[in-house]
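In: Output the structure for:
(one chain, ligands or ions: 2)
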Amino acid sequence: MRVLGLETSCDETGLAIYDSELGLLGQVLYSQIALHEEYGGVVPELASRDHIRKLIPLLEQLLADCQCDRQSLDAVAYTRGPGLMGALMTGALFGRALAFALGVPAIGVHHMEGHLLAPLLSKDAPDFPFVALLVSGGHTQLLLAEGIGQYTLLGESIDDAAGEAFDKVAKMLSLPYPGGPQIARLAEKGDPKAFNLPRPMLHQGLDFSFSGMKTAVLVQYDKIRGQGREADLAASFQEAMIDTLVKKCLKALTQTGQKRLVIAGGVSANTLLRQRLEQELKRIRARVHYAEPALCTDNGAMIAFAGWQRLKAGQQDGLAVTTTPRWSLEELPPV
Ligand code: KG4
Ligand code: ZN
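Out: Numbers count the residues shown, from 1 in each chain. Ligands and ions are numbered 1, 2, ... in the order given. From the prediction side, this is the model:
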């Protein structure tokens with residue numbers, strides 16, 4: 001079965017074709033970063049309009065890259081939520097209409113399930129059950145995943161998401177959006193022990209809080225302005241963030257008795273986070289799994305793959321398009 005995946009939940013237009021026999025045939029991605037740059041964040045209406053402009057040309061390019069035609073598509077999967085309502089509508093309506101025209105099934109995919117399952121596309125795919133850390137620009141969640149659609153929330157951020165904290169700290173330091181990779185790069189030249197930043201809620205269950213950490217960075221930054229110590233501050237912030245994420249992951253593994261951890265979402269592309277988890281999990285004879293960096297941030301491949309998991313079990317959506325800006329992973333039906 002050949003599934004076209006469409007991702008338009010935020011500021012990336014991502015399309016991919018997943019073939020159940022051959023694997024990922026190809027993917028194309030258009031990032032709107034430059035479009036939103038001058039506003040310092042994503043402008044929803046501009047995002048929607050740009051998705052509309054890019055969807056058809058990107059589909060043509062993808063089909064040409066994969067050397068296949070529309071008629072060879074057996075299904076269409078599109079991101080149904082969570083995300084920006086207008087942006088979601090563009091991909092969902094385009095995908096639903098295309099599937100109708102081709103006479104093939106369509107399915108609306110949960111964006112975070114897409115992230116969560118992306119590591120299953122790697123050579124070293126983990127088996128269920130596992131603990132999952134979802135760390136993106138909009139979500140920070142720890143889950144127990146016992147199968148597709150069988151997710152139990154163990155903990156989540158009570159304020160900012162991890163990626164959002166990276167982006168806000170980057171903005172403070174006048175680094176461009178998205179801030180995660182920028183902070184990581186700057187941190188390479190800094191001392192992670194230079195500033196002792198708080199690790200909020202470290203000893204309180206499996207929830208997270210990052211807004212205090214962000215404020216602490218601001219307080220320190222005010223003290224060192226003009227001293228050229230931004231790299232030290234970036235390194236110390238990244239250290240506090242990783243330390244917190246790693247400790248919560250270890251706690252979740254102990255609490256659930258699991259030996260497999262999957263990290264997914266944009267922040268899981270962070271090299272130091274991956275390295276630290278590898279070291280720490282080895283000690284307790286557990287393993288960490290993640291997707292290749294290009295599949296950690298938003299992309300169409302994860303949507304095609306997650307869609308296929310449900311389509312092959314006979315699930316599909318009707319003709320009505322119902323996008324949803326808020327959607328809990330726990331509401332998903334099991335496969
Ligand atoms: O999953 P994603 O592409 O989009 C959402 O669904 O939100 O995640 C984007 C987030 C941004 O906040 C970005 O700064 C962060 O992931 N990010 C990183 C890295 N690469 C992307 N954060 C830390 N280190 C990175 N290398
Ligand atoms: Zn995402």
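In: okay, CA-based contacts and neighbour counts for the rest of this
Out: OK.
In: Would you list the phi and psi of Y151?
Out: Here is the backbone geometry of Y151 (degrees, to the nearest 10): phi -120, psi 130.
In: and the protein, which of its residues are near ligand 1?
Out: 136-138, 163-164, 166-167, 178-181, 184, 265-267, 269-270, 297-298 (C-alpha under 6 Å from any ligand atom).
In: Cross those residues against strands and list the overlap.
Out: Among these, no member falls in strands (criterion: DSSP state E).
In: Restricted to buried residues, select these in ChimeraX.
Out: Provided next is the ChimeraX selection string for whichever of the residues of the chain next to ligand 1 are buried by 16 or more other C-alpha atoms under 10 Å:
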select :136,137,138,163,164,166,167,178,179,180,181,184,265,266,267,269,270,297,298
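In: Please list the outside residues in contact with the helix or strand of the chain with the lowest mean pLDDT.
Out: None of the helices or strands of the chain scores lower by mean pLDDT, DSSP states H and E than helix 33-37, at a mean of 93. Outside of helix 33-37, the residues within contact range by C-alpha atoms under 8 Å, 6 or more residues apart in numbering are D11, V42, V43, L46, P176, Y177, P178.
In: again, but for stretch 245-255
Out: So stretch 245-255 is in contact with 131, 133, 142, 154, 202, 206, 259-261, 273, 276-277, 280-281, going by C-alpha under 8 Å, 6+ apart.
In: okay if I get these as JSON lines plus secondary structure and pLDDT?
Out: Below are the contacts of stretch 245-255 laid out as JSON lines (DSSP: H, G, I helix; E, B strand; the rest coil; pLDDT from 0 to 100):
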{"residue": "V131", "secondary structure": "strand", "pLDDT": "98"}
{"residue": "L133", "secondary structure": "strand", "pLDDT": "98"}
{"residue": "L142", "secondary structure": "strand", "pLDDT": "98"}
{"residue": "L154", "secondary structure": "strand", "pLDDT": "98"}
{"residue": "L202", "secondary structure": "coil", "pLDDT": "93"}
{"residue": "L206", "secondary structure": "coil", "pLDDT": "98"}
{"residue": "K259", "secondary structure": "coil", "pLDDT": "98"}
{"residue": "R260", "secondary structure": "strand", "pLDDT": "98"}
{"residue": "L261", "secondary structure": "strand", "pLDDT": "98"}
{"residue": "L273", "secondary structure": "helix", "pLDDT": "98"}
{"residue": "R276", "secondary structure": "helix", "pLDDT": "98"}
{"residue": "L277", "secondary structure": "helix", "pLDDT": "98"}
{"residue": "E280", "secondary structure": "helix", "pLDDT": "98"}
{"residue": "L281", "secondary structure": "helix", "pLDDT": "98"}
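In: Quickly name whichever of the residues you listed is closest to ligand 1.
Out: Nearest to ligand 1 among the contacts of stretch 245-255, counting by C-alpha to the nearest ligand atom, is L273 at 8.1 Å.
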